[in-house]
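K.L.:
Sequence and predicted structure are below.
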Amino acid sequence: MEPHGLIIVHTGNGKGKTTAALGLAMRAWGDGLRVLILQFIKGGWKYGELQAIETLAKADGRIRVEQCGLGFTRRHQQEGEENKHREAAAAALNKARQAITSGSWDLIVLDEINYAVKFGLIEEEEMLALLEEKPPELHLVLTGREAAPALIERADLVTEMREIKHPYQKGIKAQKGIEF
């Protein structure tokens, strides 16, 4: 059966967007697909899922994760800081474009790309142009809050994570192995 590459979007204000994308990446890897995960915002932190993926990557090199960002951006930061975030996002966009057109991957996750668009680090048109370069057999997953309506329209599958209740509301701080 010839694969039909899907455009998949995980968005919304609830937890689980990246987790869902990484779960799909693990499934794809387990079924023999070549998987690349590019994280547009995260950078510098060591997450449990990164350690798991690095372990899998050592097995056969069919899965890779790259933290391309500088960490979460703030709305009212100094101009120099904002420029550094823009440069990192532009470099991540170039990596994404090269990966999408390389033929080296079966599934590519563009983690938090919607945040990069939301915060103006990359233009919506630049993100949408990636979809036009996607080969028909490539699966592409885009995550992050507030996905652009044009992306939602273009996608094959869109899931919105909606927060109903969160432990932070009770004063419970993020816990290693659960939230990060």
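P.N.:
Thanks, I have it. All values reported here derive from a predicted model rather than from experimental measurement.
K.L.:
Identify the residue nearest Ala92 in space, chain neighbours excluded?
P.N.:
Excluding the flanking residues, the one nearest Ala92 by C-beta to C-beta, 6 or more residues apart in numbering is Cys68, at 3.6 Å. Every C-beta, even on glycine, is put in place using the N, C-alpha and C of the backbone.
K.L.:
contacting residues around the one you found?
P.N.:
Cys68 makes contacts with 38-40, 43, 88-89, 91-92, 95, as judged by C-beta atoms under 8 Å, 6 or more residues apart in numbering.
K.L.:
and if we set it to 10 Å?
P.N.:
38-43, 88-96, 110-112, 116 (C-beta atoms under 10 Å, 6 or more residues apart in numbering).
K.L.:
Narrow those residues to those that are buried.
P.N.:
The neighbour-count test (16 or more other C-beta atoms under 10 Å) marks 38-43, 88-89, 92-93, 95-96, 110-112, 116 as buried among the contacts of Cys68.
K.L.:
Strands along this protein, start to end?
P.N.:
7-11, 35-39, 63-67, 107-111, 139-143, 157-160 (DSSP state E).
K.L.:
how about JSON lines for those strands, with distance to Gly23 added?
P.N.:
Converted to JSON lines, those look like this (distance: least, C-beta to C-beta, whole Å):
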{"stretch": "strand 7-11", "distance to Gly23": "10"}
{"stretch": "strand 35-39", "distance to Gly23": "12"}
{"stretch": "strand 63-67", "distance to Gly23": "13"}
{"stretch": "strand 107-111", "distance to Gly23": "11"}
{"stretch": "strand 139-143", "distance to Gly23": "11"}
{"stretch": "strand 157-160", "distance to Gly23": "12"}
